[in-house]
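Enquirer: Sharing a model prediction with you, sequence too.
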Amino acid sequence: MVMPDPLSEMLALVNARCLISGELRAGGEWAYRFRPDAPVKLDAVVRGSCWLIVDDGPPSRLVAGDAVVLNGVGTTVLCSDPRLRPAEATEIRASENDHRRLGSGDDVVIIGGHVDFDPAAASLFTSALPGVTHASAASTEAAEMRRLLEQIMAETASDHPGARFAIDQHAQLLLLQVLRIGLRGEAVSHPGWLRLLADPRLRPAVSLMHADPGRAWGLADLATAAGMSRSHFAHRFREVSGQPPLTYLSHWRVRLAERALRETDTTVAALAERLGYASESSFSHAFTRIAGVSPSRYRRRGRPSGPEAAISSRYHA
């Protein structure tokens, strides 16, 4: 039996859903500039190679099998040569299924996707990621990424029943692979829970808090799990995650409570007991301090509906 792990729990908590939404085919000399109109975007190179330029920064080379997650970035350029003047997104006509062509031929094929979240928990995900997370085709997970990209392309070209569902499932796994690689790549330098999960010494302590959030964990318990002194553990945890360990635990408890308040009829008193608070009032105080509203008011607000029900990015490949 596979036990729950912190990354799986985080993705479930924010209800992260990766959806493929477009394709770009290009050949010869070409350059394309666009501005993502939502927080998180995923691009993957299926064939060929290109350059990626984000917010007028230095160009990064992308080759077949590479994937990138762009988090809250501004102007983005994909091109065959960084010296070329890029065409604007508005100048390039898209087909009905959001496919675009640039230059001559299709030496380069890029698929684009976006990540949706529950709005109430989205910041938990976006705050943990750097602007660009690059999953390289040279990584140990490259074979799995290539397999997923091949399956996405095969389903896209097919008319099989359930093709859209299959594409979405493969996209979800592709996002997971990028994040796994990010645990060992550039994302590790960005303080937050993703970097925390990448730290092999701190991970056991994080797993304890996630496995039993209602337990009265003390600094000594968590330091022992990490094999460190209390002072070293507290310093290392804060350096990696951006907050002290017991503050992290408090925030995790409140995120779990938010989900329960949105999705279940569990009483505030029952939540307080389940999450390790001595009383309903102490839980309400902690919840209000972190969430900005009381548990009862949070529940009354309920889930957003209509266009704001999910943070969705519709952008071009």
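Expert: Yep, that arrived.

Enquirer: Can you pull out the low-pLDDT segments for the stretch 51-200 of the chain?
Expert: Where the stretch 51-200 of the chain drops to pLDDT under 70, the residues are 93-98, 185-189.

Enquirer: In it, what residue spans correspond to helices?
Expert: Using DSSP state H, counting those that start in this stretch, the helices found in the stretch 51-200 of the chain span residues 122-126, 142-157, 163-182, 193-198.

Enquirer: end to end, how far does stretch 65-76 reach?
Expert: End-to-end span of stretch 65-76 (C-alpha to C-alpha, to the nearest Å): 20 Å.

Enquirer: Can you list the neighbours in contact with it?
Expert: 33-36, 39-45, 52-56, 62, 115, 126, 129-137, 142, 145-146, 149, 174-175, 177-179, 182 (C-beta atoms under 8 Å, 6 or more residues apart in numbering). Bear in mind the C-beta positions are built from the backbone N, C-alpha and C, glycine included.

Enquirer: Can you tell me which of those are buried?
Expert: Buried subset of the contacts of stretch 65-76 (neighbour count, 16 or more other C-beta atoms under 10 Å): 33-34, 36, 39-45, 52-54, 62, 115, 126, 129-130, 132-137, 142, 145, 149, 174-175, 177-179, 182.

Enquirer: How is the chain divided into domains?
Expert: According to automatic domain parsing, the chain is divided into the following domains: 6-189, 193-301.

Enquirer: as a whole number, average confidence for stretch 298-305?
Expert: Averaged across stretch 298-305, pLDDT comes to 71.

Enquirer: Now do residue 12: how many residues are near it, please.
Expert: Residue 12 has 11 neighbouring residues, counting by other C-beta atoms under 10 Å.

Enquirer: is it true that it lies in a helix?
Expert: Yes: Residue 12 sits within a helix when classified using DSSP: H, G, I helix; E, B strand; the rest coil.

Enquirer: I'd like the distance from it to residue 213, if you could.
Expert: Distance, residue 12 to residue 213, using C-beta to C-beta, to the nearest Å: 14 Å.

Enquirer: re earlier: can you tell me which of the helices of the stretch 51-200 of the chain is packed in deepest?
Expert: Mean neighbour counts were taken over the helices of the stretch 51-200 of the chain using mean count of other C-beta atoms under 10 Å, and the top value, a mean of 22, falls to helix 193-198.

Enquirer: got a list of what residue 127 touches?
Expert: Residue 127 is in contact with residue 192, counting by C-beta under 8 Å, 6+ apart.

Enquirer: same thing with the one 4 residues further on?
Expert: For residue 131, the contacting residues are 54-55, 70-73, taking C-beta under 8 Å, 6+ apart as the criterion.

Enquirer: Of the helices of the stretch 51-200 of the chain, give the one that comes closest to residue 261.
Expert: Proximity to residue 261 (C-beta to C-beta) singles out helix 122-126 among the helices of the stretch 51-200 of the chain, at 15.4 Å.

Enquirer: and the closest one, what does it pack onto?
Expert: helix 6-14 (3 or more C-beta pairs under 8 Å, 6 or more residues apart in numbering; DSSP states H and E).

Enquirer: Can you give me the buried ones in the helix it packs on?
Expert: So, applying 16+ other C-beta under 10 Å, buried residues of helix 6-14: 6-7, 9-11, 13-14.

Enquirer: quick one: average confidence on it?
Expert: 84.

Enquirer: how distant is it from the center of its chain?
Expert: Remark: helix 6-14 is offset 10 Å from the chain centroid, using C-alpha atoms, centre = their mean, to the nearest Å.
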